[in-house]
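Asker: Here is my input, please return the structure:
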Amino acid sequence: MATSISLRSADDGSVKVKPRPKPSAITVPFNYYPSDDGTDENLLILLHGLGDTHIPFGNLGRSLKLPQTATLAIRAPELQVIPFLYEEAYQWYTSFDGLGDLLTNPNPTPALDLLNRVVTHLTKDCSWQANRIHLFGFAQGGTVAAEFAVKWWRSVLASSHNDSVESSESSEPVASKAIGSVITMCGPLLTYHNTLSSACPTPILVASRPSPAETALPPNAMASFKKAFTTVKDFSMGRGEGMPRSKEQWEPIMRFWSERLSRRPMEGLYEVMSGSTPSAH
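Answerer: I've put the predicted structure just below:
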(Lines give C-alpha, C1' and ligand atoms only; values in the text may rest on other atoms or scores of the structure.)
Protein backbone atom coordinates (compact mmCIF):
# COMPACT_ATOMS: atom_id res chain seq x y z
CA MET A 1 0.00 0.00 0.00
CA ALA A 2 1.42 3.36 -1.02
CA THR A 3 1.97 6.16 1.46
CA SER A 4 0.95 9.60 0.18
CA ILE A 5 2.62 12.77 1.31
CA SER A 6 1.46 16.34 0.85
CA LEU A 7 4.02 19.10 1.20
CA ARG A 8 3.86 22.69 2.37
CA SER A 9 3.37 25.19 -0.42
CA ALA A 10 6.35 27.47 -0.96
CA ASP A 11 6.51 29.63 -4.07
CA ASP A 12 9.25 32.17 -3.35
CA GLY A 13 10.74 32.60 -6.80
CA SER A 14 13.81 30.49 -6.10
CA VAL A 15 15.55 28.61 -8.91
CA LYS A 16 13.55 25.54 -9.91
CA VAL A 17 16.54 23.42 -10.98
CA LYS A 18 19.56 24.04 -8.78
CA PRO A 19 23.19 23.98 -9.99
CA ARG A 20 25.07 20.80 -9.14
CA PRO A 21 27.48 21.03 -6.20
CA LYS A 22 31.12 21.33 -7.22
CA PRO A 23 33.64 18.68 -6.12
CA SER A 24 36.21 21.42 -5.62
CA ALA A 25 33.97 22.98 -2.97
CA ILE A 26 32.91 19.82 -1.13
CA THR A 27 36.41 18.20 -1.22
CA VAL A 28 35.21 14.66 -0.31
CA PRO A 29 33.45 12.15 -2.59
CA PHE A 30 29.67 12.55 -2.83
CA ASN A 31 26.65 11.43 -4.81
CA TYR A 32 24.21 14.15 -5.89
CA TYR A 33 20.89 13.43 -7.58
CA PRO A 34 18.42 16.12 -8.70
CA SER A 35 14.76 15.56 -7.92
CA ASP A 36 13.10 12.91 -10.10
CA ASP A 37 10.22 15.29 -10.87
CA GLY A 38 12.45 18.09 -12.15
CA THR A 39 11.81 20.53 -9.30
CA ASP A 40 14.59 20.99 -6.74
CA GLU A 41 12.65 22.59 -3.90
CA ASN A 42 14.25 20.65 -1.05
CA LEU A 43 17.67 19.11 -0.56
CA LEU A 44 18.16 16.05 1.63
CA ILE A 45 21.76 15.57 2.81
CA LEU A 46 22.50 12.00 3.92
CA LEU A 47 25.35 11.19 6.31
CA HIS A 48 26.41 7.58 6.76
CA GLY A 49 27.49 5.89 9.98
CA LEU A 50 30.86 4.77 11.32
CA GLY A 51 32.72 2.38 9.04
CA ASP A 52 30.62 3.02 5.94
CA THR A 53 30.73 5.15 2.80
CA HIS A 54 28.40 7.53 1.02
CA ILE A 55 27.47 5.04 -1.72
CA PRO A 56 24.70 3.06 0.05
CA PHE A 57 23.23 6.29 1.40
CA GLY A 58 23.24 7.77 -2.07
CA ASN A 59 21.22 4.75 -3.19
CA LEU A 60 18.92 5.21 -0.21
CA GLY A 61 18.29 8.85 -1.11
CA ARG A 62 17.30 7.89 -4.65
CA SER A 63 15.04 5.06 -3.48
CA LEU A 64 13.07 7.40 -1.20
CA LYS A 65 11.81 9.36 -4.22
CA LEU A 66 10.73 12.29 -2.08
CA PRO A 67 8.80 14.82 -4.17
CA GLN A 68 10.61 17.95 -5.28
CA THR A 69 13.66 16.81 -3.32
CA ALA A 70 17.23 16.47 -4.53
CA THR A 71 19.61 14.30 -2.51
CA LEU A 72 23.26 14.64 -1.57
CA ALA A 73 25.13 11.78 0.14
CA ILE A 74 28.55 12.79 1.47
CA ARG A 75 31.44 10.53 2.44
CA ALA A 76 33.05 11.10 5.82
CA PRO A 77 36.53 12.64 5.64
CA GLU A 78 38.58 10.22 7.78
CA LEU A 79 39.65 6.71 6.76
CA GLN A 80 38.91 4.24 9.52
CA VAL A 81 41.54 1.52 9.83
CA ILE A 82 39.95 -1.77 10.90
CA PRO A 83 42.24 -4.83 11.16
CA PHE A 84 41.41 -7.62 8.71
CA LEU A 85 38.75 -5.49 7.00
CA TYR A 86 39.72 -4.87 3.41
CA GLU A 87 36.74 -2.74 2.40
CA GLU A 88 36.96 1.04 2.58
CA ALA A 89 35.48 2.36 5.81
CA TYR A 90 35.25 5.99 6.88
CA GLN A 91 34.45 7.95 10.00
CA TRP A 92 33.26 11.48 10.64
CA TYR A 93 35.45 11.77 13.73
CA THR A 94 37.74 9.51 15.76
CA SER A 95 35.70 7.48 18.25
CA PHE A 96 38.27 4.97 19.52
CA ASP A 97 41.76 5.29 20.93
CA GLY A 98 44.75 3.25 19.79
CA LEU A 99 43.74 0.34 22.03
CA GLY A 100 40.22 0.20 20.63
CA ASP A 101 38.56 1.76 23.66
CA LEU A 102 35.69 4.20 23.12
CA LEU A 103 36.69 7.84 23.58
CA THR A 104 34.66 9.62 26.25
CA ASN A 105 34.97 13.03 24.56
CA PRO A 106 35.39 12.62 20.80
CA ASN A 107 35.95 15.78 18.79
CA PRO A 108 33.59 16.25 15.80
CA THR A 109 35.00 19.66 14.85
CA PRO A 110 36.63 18.60 11.53
CA ALA A 111 33.37 16.98 10.37
CA LEU A 112 31.36 20.05 11.38
CA ASP A 113 33.79 22.33 9.58
CA LEU A 114 33.45 20.18 6.45
CA LEU A 115 29.66 20.30 6.61
CA ASN A 116 29.78 24.05 7.16
CA ARG A 117 31.81 24.46 3.95
CA VAL A 118 29.36 22.22 2.10
CA VAL A 119 26.24 24.10 3.24
CA THR A 120 27.90 27.47 2.67
CA HIS A 121 28.66 26.37 -0.91
CA LEU A 122 25.10 25.16 -1.38
CA THR A 123 23.56 28.40 -0.14
CA LYS A 124 25.97 30.81 -1.81
CA ASP A 125 26.72 29.07 -5.10
CA CYS A 126 23.88 26.60 -5.73
CA SER A 127 20.80 28.73 -4.92
CA TRP A 128 19.65 26.66 -1.92
CA GLN A 129 18.05 28.30 1.09
CA ALA A 130 19.17 26.92 4.45
CA ASN A 131 15.58 26.21 5.50
CA ARG A 132 15.13 23.99 2.44
CA ILE A 133 18.14 21.87 3.41
CA HIS A 134 17.29 18.79 5.48
CA LEU A 135 19.75 16.45 7.19
CA PHE A 136 19.46 12.69 7.70
CA GLY A 137 22.20 10.76 9.47
CA PHE A 138 22.80 7.36 10.99
CA ALA A 139 24.79 6.88 14.24
CA GLN A 140 27.94 9.01 13.82
CA GLY A 141 26.30 10.68 10.84
CA GLY A 142 23.23 11.46 12.95
CA THR A 143 25.41 13.02 15.62
CA VAL A 144 27.14 15.20 13.02
CA ALA A 145 23.77 16.23 11.54
CA ALA A 146 22.38 17.30 14.93
CA GLU A 147 25.57 19.02 16.07
CA PHE A 148 25.84 20.87 12.77
CA ALA A 149 22.26 22.19 12.95
CA VAL A 150 23.15 23.78 16.29
CA LYS A 151 26.47 25.08 14.97
CA TRP A 152 24.73 26.64 11.97
CA TRP A 153 22.13 28.23 14.27
CA ARG A 154 24.91 29.74 16.40
CA SER A 155 26.35 31.33 13.26
CA VAL A 156 22.90 32.67 12.31
CA LEU A 157 22.52 34.28 15.73
CA ALA A 158 26.01 35.76 15.55
CA SER A 159 25.53 37.20 12.08
CA SER A 160 22.18 38.70 13.01
CA HIS A 161 23.79 40.75 15.80
CA ASN A 162 20.89 39.72 17.98
CA ASP A 163 21.40 37.62 21.10
CA SER A 164 17.70 36.93 21.47
CA VAL A 165 14.93 35.97 19.04
CA GLU A 166 12.10 36.43 21.51
CA SER A 167 10.33 39.33 19.83
CA SER A 168 7.79 38.63 17.10
CA GLU A 169 9.49 41.19 14.86
CA SER A 170 12.85 39.41 14.74
CA SER A 171 12.14 35.73 15.45
CA GLU A 172 10.56 34.83 12.11
CA PRO A 173 13.23 36.14 9.73
CA VAL A 174 16.08 34.90 11.92
CA ALA A 175 14.54 31.46 12.46
CA SER A 176 13.94 31.11 8.73
CA LYS A 177 17.72 30.98 8.25
CA ALA A 178 18.05 27.80 10.31
CA ILE A 179 18.47 24.35 8.74
CA GLY A 180 15.10 22.95 7.59
CA SER A 181 15.04 19.76 9.65
CA VAL A 182 17.19 16.96 11.08
CA ILE A 183 16.59 13.24 11.48
CA THR A 184 19.17 11.46 13.59
CA MET A 185 19.05 7.69 13.61
CA CYS A 186 20.69 6.48 16.83
CA GLY A 187 23.06 9.46 16.93
CA PRO A 188 23.24 11.44 20.21
CA LEU A 189 24.57 14.93 20.71
CA LEU A 190 28.15 15.04 21.96
CA THR A 191 27.87 18.52 23.44
CA TYR A 192 25.46 19.78 26.08
CA HIS A 193 24.44 23.08 24.49
CA ASN A 194 23.65 25.05 27.61
CA THR A 195 25.15 28.33 26.38
CA LEU A 196 22.73 28.97 23.52
CA SER A 197 20.97 32.29 23.92
CA SER A 198 18.05 30.77 22.02
CA ALA A 199 17.46 27.08 21.31
CA CYS A 200 17.81 25.94 17.70
CA PRO A 201 14.45 26.19 15.90
CA THR A 202 15.32 23.37 13.47
CA PRO A 203 12.77 20.55 14.03
CA ILE A 204 14.52 17.29 14.89
CA LEU A 205 13.33 13.68 14.89
CA VAL A 206 15.33 11.30 17.08
CA ALA A 207 15.04 7.59 16.25
CA SER A 208 16.48 5.07 18.69
CA ARG A 209 17.04 1.42 19.47
CA PRO A 210 16.56 0.14 23.03
CA SER A 211 19.37 -1.47 25.02
CA PRO A 212 21.29 -3.71 24.64
CA ALA A 213 21.67 -2.52 21.02
CA GLU A 214 25.12 -1.16 20.23
CA THR A 215 23.45 1.95 18.81
CA ALA A 216 21.23 2.55 21.87
CA LEU A 217 21.24 6.20 22.95
CA PRO A 218 22.73 7.13 26.35
CA PRO A 219 20.22 7.78 29.17
CA ASN A 220 20.58 11.58 29.03
CA ALA A 221 20.32 11.85 25.24
CA MET A 222 16.79 13.22 25.03
CA ALA A 223 17.44 15.80 27.74
CA SER A 224 20.35 17.09 25.68
CA PHE A 225 18.24 17.30 22.52
CA LYS A 226 15.46 19.17 24.34
CA LYS A 227 17.97 21.65 25.70
CA ALA A 228 19.43 22.38 22.27
CA PHE A 229 16.29 22.28 20.06
CA THR A 230 12.86 23.85 20.42
CA THR A 231 11.00 21.08 18.57
CA VAL A 232 12.02 17.49 19.35
CA LYS A 233 10.15 14.35 18.34
CA ASP A 234 11.33 10.84 19.10
CA PHE A 235 10.36 7.26 18.37
CA SER A 236 11.76 3.80 19.01
CA MET A 237 12.41 1.49 16.08
CA GLY A 238 12.20 -1.48 18.43
CA ARG A 239 14.79 -4.11 19.16
CA GLY A 240 17.50 -4.79 16.66
CA GLU A 241 20.37 -2.90 15.11
CA GLY A 242 20.97 -0.45 12.34
CA MET A 243 18.66 1.41 10.01
CA PRO A 244 14.85 0.99 9.80
CA ARG A 245 13.96 -2.49 8.53
CA SER A 246 10.26 -2.23 7.76
CA LYS A 247 7.59 0.09 6.42
CA GLU A 248 6.31 0.51 9.99
CA GLN A 249 9.72 1.75 11.09
CA TRP A 250 9.93 4.15 8.14
CA GLU A 251 6.42 5.55 8.66
CA PRO A 252 7.31 8.11 11.41
CA ILE A 253 10.19 9.32 9.26
CA MET A 254 7.96 9.82 6.21
CA ARG A 255 5.36 11.57 8.34
CA PHE A 256 8.01 13.92 9.72
CA TRP A 257 9.17 14.80 6.21
CA SER A 258 5.56 15.32 5.09
CA GLU A 259 5.31 18.05 7.74
CA ARG A 260 8.65 19.69 6.92
CA LEU A 261 9.39 19.47 3.21
CA SER A 262 8.27 22.37 1.02
CA ARG A 263 6.86 22.30 -2.51
CA ARG A 264 6.07 24.54 -5.41
CA PRO A 265 2.32 24.70 -6.03
CA MET A 266 1.10 21.66 -7.94
CA GLU A 267 -2.05 19.63 -8.00
CA GLY A 268 -2.54 16.38 -6.16
CA LEU A 269 -0.60 14.32 -3.66
CA TYR A 270 2.72 12.55 -4.10
CA GLU A 271 3.51 8.90 -3.56
CA VAL A 272 6.79 8.41 -1.73
CA MET A 273 6.61 4.74 -0.82
CA SER A 274 5.09 1.97 -2.83
CA GLY A 275 5.61 -1.70 -2.21
CA SER A 276 9.25 -2.07 -1.14
CA THR A 277 10.93 -0.55 1.87
CA PRO A 278 13.83 1.88 1.28
CA SER A 279 17.23 0.42 2.05
CA ALA A 280 20.68 1.86 2.52
CA HIS A 281 22.27 -1.36 1.28
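
Asker: Pull the contacting residues for Phe57.
Answerer: Contact criterion C-beta atoms under 8 Å, 6 or more residues apart in numbering gives 31, 46-48, 73, 138, 141, 280 as the residues in contact with Phe57. Every residue, glycine included, has its C-beta placed from N, CA and C.

Asker: Need the residues you listed in CSV (columns: distance to Leu205).
Answerer: Written out in CSV, the entries for the contacts of Phe57 read as follows (distance: C-beta to C-beta, whole Å):
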residue, distance to Leu205
Asn31, 23
Leu46, 14
Leu47, 15
His48, 18
Ala73, 19
Phe138, 13
Gly141, 14
Ala280, 17
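
Asker: Okay, and which of the residues you listed map to strands?
Answerer: Counting by DSSP state E, the members of those that fall within strands are 31, 46-47, 73, 138.

Asker: ok, and the most crowded of the residues you listed?
Answerer: Compared across these, Leu47 has the highest neighbour count, 30 neighbours, by other C-beta atoms under 10 Å.

Asker: Contacts only, for it.
Answerer: 57, 73-74, 76, 92, 135-138, 140-142, 144-145.

Asker: Out of the ones in strands among the contacts of Phe57, the closest to Ala149 would be?
Answerer: Within these, distances to Ala149 taken as C-beta to C-beta reach their minimum at Leu47, with 11.7 Å.

Asker: Leaving out the residues flanking it, which one is nearest to the closest one?
Answerer: The spatial neighbour of Leu47 that comes closest, neighbours along the chain excluded (C-beta to C-beta, 6 or more residues apart in numbering), is Gly141 at 3.1 Å.

Asker: thinking the one you found is in contact with Trp92, fair?
Answerer: Yes - between Gly141 and Trp92 a contact is recorded at 6.4 Å, counting by C-beta atoms under 8 Å.

Asker: Now the common contact residues for these two.
Answerer: Jointly contacting Gly141 and Trp92 under the rule C-beta under 8 Å, 6+ apart are 47, 76.
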